[in-house]
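Colleague: pasted the sequence and its predicted model underneath.
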Amino acid sequence: MSEAGVDVRSLRSRVRAAQHSRSLPLIVIGILLVNYGVGQFDRSPVRWQYGAPLAFILLWVLANTIEGRVGVGRGRADYLVAAGFVFTATSLVTLRPFTDWLNTGTEVTGVWIIIIGVALLGLAAAGSDLVLAVAGSVVAADGIQTIAYGSHDSYGPGIFNNPATQATHFAITGWVGAALVVAGLLYYRVERRAI
């Protein structure tokens, strides 16, 4: 595909690489999930509720900073839309009638993780990015496993008191996050070479 002798596909690929539109979401959302896994959604759910929208706002700030510094493409308003979606959806889950249907904390946290996966899928659709689509699907699947198996896990007050008390479903969430961070770092190197 070329217009007036310009390879548009190659140019679009270089702009996306310069914006780090693949690596940054993987790294930021991966860090969020690692934090969720380690923190085990302790007794203060409000801070967990704000973590995900703030992660998408951070992505928006990073995108705008990169755009201002490098001057390629435009800032990704998609991240602000995703932040608004995540904040609204995670808040709605704590209202009736959802509170009538979601009986345990692990069911709520599983739904919150699914919401993050859906937001990643939305970003993937907006940017036609298969890697982010796979990442969003994996995150949503992690939320489903949290709902399915979380109520069967027994866990104590926290990892620092006794590592054996860390619930399996939280460990899985942490490892999913770690895998996203590693994938993001690898894509970051690829994007740096493509610029």
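Modeller: Yep, that arrived.
Colleague: per-residue pLDDT of Gln49, please?
Modeller: In this model, Gln49 is scored at 67, pLDDT.
Colleague: what residues of the strand or helix carrying Ser91 count as buried?
Modeller: Assigned by DSSP states H and E, Ser91 belongs to helix 78-92. Of the residues in helix 78-92, those with enough neighbours to count as buried (16 or more other Cβ atoms under 10 Å) are 78-83, 85-87, 89-90. C-beta coordinates here come from the backbone N, C-alpha and C atoms, glycine included.
Colleague: pretty sure Asp142 is touching Leu33, no?
Modeller: Yes: using Cβ atoms under 8 Å, Asp142 makes contact with Leu33 at a distance of 7.4 Å.
Colleague: neighbour count for the two, which is higher?
Modeller: Leu33 (28 against 24; other Cβ atoms under 10 Å).
Colleague: state the distance from the residue lying closest to the more buried one once chain neighbours are set aside to Thr65.
Modeller: Counting by Cβ to Cβ, 6 or more residues apart in numbering, Leu33 lies nearest to Gly177, which is 2.8 Å off, once chain neighbours are set aside. Using Cβ to Cβ, to the nearest Å, we find Gly177 at a distance of 23 Å from Thr65.
Colleague: and those two? which has more neighbours close in?
Modeller: Gly177 (24 against 11).
Colleague: tell me what the host helix or strand of the more buried one is packed against?
Modeller: Taking DSSP H and E as the definition, one finds Gly177 inside helix 168-194. Contacts defined by 3 or more Cβ pairs under 8 Å, 6 or more residues apart in numbering; DSSP states H and E place helix 168-194 against helix 8-19, helix 23-39, helix 130-150.
Colleague: redo the ones you listed as JSON lines? Include distance to Tyr188 and mean pLDDT.
Modeller: Output for the helices and strands packed on helix 168-194, formatted as JSON lines (distance: least, Cβ to Cβ, whole Å; pLDDT from 0 to 100):
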{"stretch": "helix 8-19", "distance to Tyr188": "10", "mean pLDDT": "57"}
{"stretch": "helix 23-39", "distance to Tyr188": "4", "mean pLDDT": "81"}
{"stretch": "helix 130-150", "distance to Tyr188": "12", "mean pLDDT": "91"}
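Colleague: just the ones you listed: most buried one?
Modeller: The highest average neighbour count among these, using mean count of other Cβ atoms under 10 Å, belongs to helix 23-39 at a mean of 22.
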